[in-house]
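Asker: Here is a sequence together with a model predicted from it:
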Amino acid sequence: MNDAALAATRQHLLAHPVVAILRGIRPQECVGVADTLVEAGIRTLEVPLNSPDPLASIGMLARHLDGEALVGAGTVLDAAQVDAVADAGARIALAPNRNVEVIRRAVSRGLYAMPGVATVSEAFEALAAGAHGLKLFPADVLAPASFKAWRAVLPVGVELFAVGGVDADNLAAFRRAGACGAGLGGSLYTPGIARDELARRARAALAAWAAAGAGR
């Protein structure tokens with residue numbers, strides 16, 4: 001992926017910053033789930049690698065949603081996994097931790113690198129390794145106040161995402177505190193969820209995010 005493609009990935013992610021984390025999804029259901037989410041307005045999807053046959057799901061979604069939504073891979077823990085998800089069609093590499101090797105490989109493969117960090121020291125180390133965005137994890141433990149505090153010391157414009165314990169009820173608080181995006185896992189998608197319930201949850205999350213940004 002060249003610089004223009006990476007810039008397009010970043011632009012898409014910032015335009016569609018509510019990320020659906022599809023942990024546990026199976027390839028046979030991923031297209032239907034994705035169509036439901038896209039119709040509801042969510043255009044950024046993540047398949048964690050501890051899901052059943054995740055590379056197959058990532059590949060299917062990348063082909064099916066080409067031009068409609070962005071597909072990322074989550075729980076990326078080593079460089080070999082970075083290569084695998086890049087080859088499958090993912091454009092974002094997300095991790096629960098700050099692993100310099102993973103960050104650097106993601107950057108070298110042209111993926112948007114978003115490691116997980118829980119301290120300011122980890123945040124600066126991740127940025128020094130080339131991370132494009134930071135996933136504050138677990139966000140519900142760090143709380144919105146952390147975003148305000150971190151913004152005061154991190155470089156201006158660093159993209160901070162709230163992940164872990166985020167739902168439609170606290171999403172607005174994270175945005176008001178300085179998050180530029182958020183990932184929703186079990187509060188949005190669980191394996192086997194009814195499509196109408198999934199759509200309802202997606203719309204509620206998007207409404208909460210939009211309301212927090214009104215007038216900004």
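Answerer: Cool, the structure landed.
Asker: mind showing which ranges of the protein have poor pLDDT?
Answerer: Along the chain, the parts satisfying pLDDT under 70 run over 1, 214-216.
Asker: tell me the helices in it, going along the chain?
Answerer: Counting by DSSP state H, one finds helices in the chain at the ranges 3-15, 27-40, 54-64, 79-88, 100-108, 120-128, 139-151, 171-177, 195-213.
Asker: so which of the ones you listed gets nearest residue 70?
Answerer: Closest to residue 70 of these is helix 3-15 (C-beta to C-beta; 5.0 Å). To be clear about C-beta, it is placed using only N, CA and C from the backbone, and glycine gets the same treatment.
Asker: Leaving out sequence neighbours, find the closest residue to residue 73.
Answerer: Closest residue to residue 73 in three dimensions, ignoring its sequence neighbours and counting by C-beta to C-beta, 6 or more residues apart in numbering: residue 85, at 3.7 Å.
Asker: Go ahead and confirm the one you found touches residue 58.
Answerer: Yes. Here residue 85 lies in contact with residue 58, judged by C-beta atoms under 8 Å, at a distance of 6.1 Å.
Asker: got any residues that touch both of these two?
Answerer: By C-beta atoms under 8 Å, 6 or more residues apart in numbering, residue 85 and residue 58 have these common neighbours: residue 73.
Asker: returning to what we had before: would you reformat the helices of the chain as CSV and include distance to residue 161?
Answerer: As requested, the helices of the chain are exported to CSV (distance: least, C-beta to C-beta, whole Å):
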stretch, distance to residue 161
helix 3-15, 9
helix 27-40, 18
helix 54-64, 19
helix 79-88, 18
helix 100-108, 15
helix 120-128, 12
helix 139-151, 8
helix 171-177, 9
helix 195-213, 12
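Asker: Sweet, I'm off.
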